[in-house]
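Colleague: Got a predicted structure plus its sequence, pasted below:
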Amino acid sequence: MSSLLRPNAPFFGALGTGIFIGLGGTILYLKITGTFLREIRRLSASISELKAEVKELRQQLETQKKRRRSPGFYSVHASSGDDDDETFEDAYGGSGTVSSPSDQEFVESFRELQVEDITPGQTNRQQSVDEQKVQVYQQVDHLLDGGDDDKQKAYSLLLKHKSQFLDDADFHWRLSKCTYQVSQIEGSLGHEDKKKEMVYSAKDSAAKALTLNEDCANAHKWFAITVGSIGDYEGTQEKIKNGYVFKEHIERAIQINPDDPSNHHLLGRWCFGVYMLSWIERKAAAALYATPPTATVEEALQNFLEAERLNPGKWKENMLFIAKCYLQQSNNVQAVVWLEKAVTIPVVSQDDKASQTEVEALLAKHRR
């Protein structure tokens, strides 16, 4: 707590000066000398009235929202609050002791004052912003688990609070996620121009999150996702370059947070995509890079199975890709097992809808 108060010491000092001037107007620069003691004795008659005012102020503030209380007025540099014999000079870097009863009464009266009783809470305003941020993020995360209408609400909620959280990486990666998911909704409605615009906007939001916090796994993940998505609007060379960027950021996200199943799924998608590159795409990659990307279907399957282990029995799209890997290995029996699991998972998102269509088509082809 002392570290919290230390940057505000000049403010507390100015505040204390105001109080002393209000009481007498003459003791701001007085040292603890005989003159100062005479001034204190003269002011002691006003102590009862001041204490009553402070008590009334405290009662008013305690009726408001409960807040964490700060150390006493003279505890700016103390952590225990047990400095019984310090004077107000100690708080300003001076020294000295108080010996007479009237002097001690004066000091103890001010010891009773709490910083938050005197100041409208600069700390509490920051605490309020942090609390609001947590509430907004929790609501957004909950909405993102819902259907298309909920995702639209999450997107609108973040835009509403954008000006408040501009310097927070956690805001920007969530905005990237919401923007991307709404872009998929726009695409499903046939609004291709709007979809393209929002995909690029989602990439910019993820990039902003990375500039604010390079150690944020979700920022790396959503930058990878959105970089991969703009490949639909780029040429072959840019698409191949973006593939390297995608892999770099997904591997970084796994390094930071290995327990996120979506990171493993995405790395599996990269491996599967590279494995399935056409002959022309491989030639283009070889022309751009001395060592073009390589991956096996076994690597892809391993990542999809890890994602399933971390999020068992819930993810339709991941199950679909497990089945695709088994089909590439000519293991139709296992492929059908996973397709039958996938077809029973409820359809919630646009990704689920697309996956369900493909699952049903593959089941019709391979089920006996």
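Modeller: Thanks, I have it.
Colleague: Which residues belonging to stretch 216-224 are considered buried?
Modeller: 216-224 (16 or more other CB atoms under 10 Å). (C-beta placed from N, C-alpha, C; glycine too.)
Colleague: My error: substitute stretch 248-266 in the last question.
Modeller: So, applying 16+ other CB under 10 Å, buried residues of stretch 248-266: 249-254, 256, 260-266.
Colleague: ok, residue 140 to residue 174 distance?
Modeller: Noted for residue 140: a distance of 6 Å to residue 174, by CB to CB, to the nearest Å.
Colleague: if you count what's nearby, which of these two comes out ahead?
Modeller: The neighbour comparison of residue 140 against residue 174 (other CB atoms under 10 Å) goes to residue 174, with 26 against 22.
Colleague: Generate TSV for the buried residues of stretch 216-224, with secondary structure and pLDDT as supplementary columns.
Modeller: Formatted as TSV, the buried residues of stretch 216-224 follow (DSSP: H, G, I helix; E, B strand; the rest coil; pLDDT from 0 to 100):
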residue	secondary structure	pLDDT
216	coil	98
217	helix	97
218	helix	97
219	helix	98
220	helix	98
221	helix	97
222	helix	97
223	helix	97
224	helix	96
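Colleague: Next, format the residues you listed as CSV and append distance to residue 287.
Modeller: As requested, the buried residues of stretch 216-224 are exported to CSV (distance: CB to CB, whole Å):
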residue, distance to residue 287
216, 35
217, 33
218, 34
219, 32
220, 28
221, 30
222, 30
223, 26
224, 24
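Colleague: and of these, the nearest to residue 330?
Modeller: Proximity of the buried residues of stretch 216-224 to residue 330 (CB to CB) peaks at residue 224, which lies at 30.6 Å.
Colleague: Just the pLDDT at residue 186, thanks.
Modeller: Here, the pLDDT recorded for residue 186 equals 95.
Colleague: That one sits in which helix or strand?
Modeller: helix 169-188 (DSSP states H and E).
Colleague: packing partners for that helix?
Modeller: The contact analysis (3 or more CB pairs under 8 Å, 6 or more residues apart in numbering; DSSP states H and E) places helix 169-188 against helix 122-144, helix 148-160, helix 192-212, helix 217-229, helix 350-366.
Colleague: Counting only helices, which of the buried residues of stretch 248-266 make the cut?
Modeller: If you go by DSSP state H, the buried residues of stretch 248-266 have 249-254, 256, 261-266 in helices.
Colleague: And the helices in the stretch 251-368 of the chain, which stretches?
Modeller: 261-275, 279-288, 297-310, 316-328, 332-343, 350-366 (DSSP state H, counting those that start in this stretch).
Colleague: Just the C-alpha atoms of stretch 339-349, please, in CSV.
Modeller: What follows is stretch 339-349 as a C-alpha-only set of coordinates in CSV (Å, rounded to 0.1, in the frame of the first residue of the first chain):
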residue,chain,number,x,y,z
LEU,A,339,-17.6,-38.4,-38.0
GLU,A,340,-20.4,-40.0,-36.0
LYS,A,341,-19.2,-38.3,-32.8
ALA,A,342,-19.1,-34.9,-34.7
VAL,A,343,-22.6,-35.1,-36.2
THR,A,344,-24.2,-35.3,-32.7
ILE,A,345,-22.5,-32.1,-31.4
PRO,A,346,-25.0,-29.2,-31.4
VAL,A,347,-24.7,-26.5,-34.1
VAL,A,348,-24.0,-23.1,-32.5
SER,A,349,-21.7,-21.0,-34.7
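Colleague: if we look at that stretch, which residues are touching it?
Modeller: 146-148, 151, 181, 184, 313-316, 319-320, 323, 352-353, 355-356, 359-360, 362-363, 366-367 (CB atoms under 8 Å, 6 or more residues apart in numbering).
Colleague: residues touching the nearest residue to residue 157 once chain neighbours are set aside, list them.
Modeller: The shortest distance from residue 157 to any non-neighbouring residue, by CB to CB, 6 or more residues apart in numbering, is to residue 140 (5.8 Å). Contacts for residue 140 (CB under 8 Å, 6+ apart) come out as 154, 157-158, 174, 178.
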